[in-house]
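In: A predicted structure for the sequence below; I have some questions about it.
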Amino acid sequence: MRGIKTISLFSGAGGLDVGFHMAGFKIVACVELESKYCKSLEANRVKGKYFDKNTVIHNIDIRNFDPSAYKDQGIECIIGGPPCQTFSAAGRRSGGVIGTQDLRGQLYEEYCHILDVIKPRVFVFENVYGLPGANNGEPWRQIVKAFSDHGYELHAEVIDAADYRSEERRVG
């Protein structure tokens with residue numbers, strides 16, 4: 001299978017990436033700040049199960065990532081879920097939802113920059129259920145406008161992962 005060439009941003013340990021791989025996408029590169037999560041990505045790359053052995057893992061702050069190496073490389077899709085703490089219910093419980101006033105809540109701007117350089121046909125911007133309603137919807141309006149200003153239209157949908165399951169079974 002050819003696979004749709006995809007870059008993963010804010011990869012974490014690769015949960016979103018594994019799902020996309022299982023759906024036939026080819027994860028070309030991952031960008032993740034936390035080295036402990038990159039170790040998990042690297043382990044899956046070495047085994048060749050969820051990532052191609054040539055998948056590049058960038059252990060770097062997204063603000064320092066240079067997407068130009070992937071320009072004109074046939075990348076059709078970008079996936080990623082920027083940090084959600086500033087929009088989430090857990091954030092609300094621990095001191096309030098500060099949205100885009102927090103630097104983590106502004107990282108969608110880096111996502112937009114990467115889209116500008118690579119120009120994929122589609123992207124997935126994953127985040128928490130509470131994002132559209134956080135701070136009376138102001139951060140969500142900012143995010144939608146930003147992607148629109150960069151030539152993309154958002155189609156938002158709430159998906160409950162419990163409604164989906166892997167066809168793979170673990171024994172033991």
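Out: On my side now, so go ahead. Residues are numbered from 1 along each chain as shown.
In: show me the shaky parts of this protein.
Out: The chain contains residues with pLDDT under 70 at 1, 83-106, 127-135, 164-172.
In: packing partners for the one helix or strand Pro139 maps to?
Out: Element membership of Pro139, judged by DSSP states H and E, is helix 138-149. Helices and strands touching helix 138-149, by 3 or more Cβ pairs under 8 Å, 6 or more residues apart in numbering; DSSP states H and E, are helix 108-118. Placement of C-beta: from N, CA and C, glycine included.
In: hang on, the earlier thing: could you pull out the buried residues of the helix holding Pro139?
Out: Residues 139-140, 142-144, 146-147 are the ones in helix 138-149 that count as buried (16 or more other Cβ atoms under 10 Å).
In: which one of the residues you listed is nearest Thr6?
Out: Ranking these by separation from Thr6, with Cβ to Cβ as the measure, puts Phe147 on top at 17.8 Å.
In: what's the spacing between that closest one and Ile78?
Out: 12 Å (Cβ to Cβ, to the nearest Å).
In: and Ala69, by the same measure?
Out: Counting by Cβ to Cβ - Ala69 and Ile78 are separated by 14 Å.
In: same deal with Ile57?
Out: Counting by Cβ to Cβ - Ile57 and Ile78 are separated by 16 Å.
In: please apply the same query to Cys112.
Out: From Cys112 to Ile78 the distance is 11 Å (Cβ to Cβ).
In: and for Lys145?
Out: Distance from Lys145 to Ile78, by Cβ to Cβ: 19 Å.
In: can you check Gly19 too?
Out: Where Ile78 is concerned, Gly19 sits at a distance of 15 Å (Cβ to Cβ).
In: between these two, which has more neighbouring residues?
Out: Ile78 (24 against 15; other Cβ atoms under 10 Å).
In: the one residue sitting closest to the centre of the chain: what's it in contact with?
Out: The structure's the chain has its C-alpha centroid closest to Gly80; by Cα atoms, centre = their mean the separation is 0.6 Å. Taking Cβ atoms under 8 Å, 6 or more residues apart in numbering as the contact definition, Gly80 lies against 8-11, 16, 31, 111, 123-126.
In: also Lys53?
Out: Lys53 neighbours (Cβ under 8 Å, 6+ apart): 45-46.
In: go again with 10 Å.
Out: 45-47 (Cβ atoms under 10 Å, 6 or more residues apart in numbering).
In: doesn't Val124 belong to a strand?
Out: Yes. Under DSSP: H, G, I helix; E, B strand; the rest coil, Val124 sits within a strand.
In: now do the strands in the chain.
Out: 4-9, 25-32, 56-59, 77-80, 122-125 (DSSP state E).
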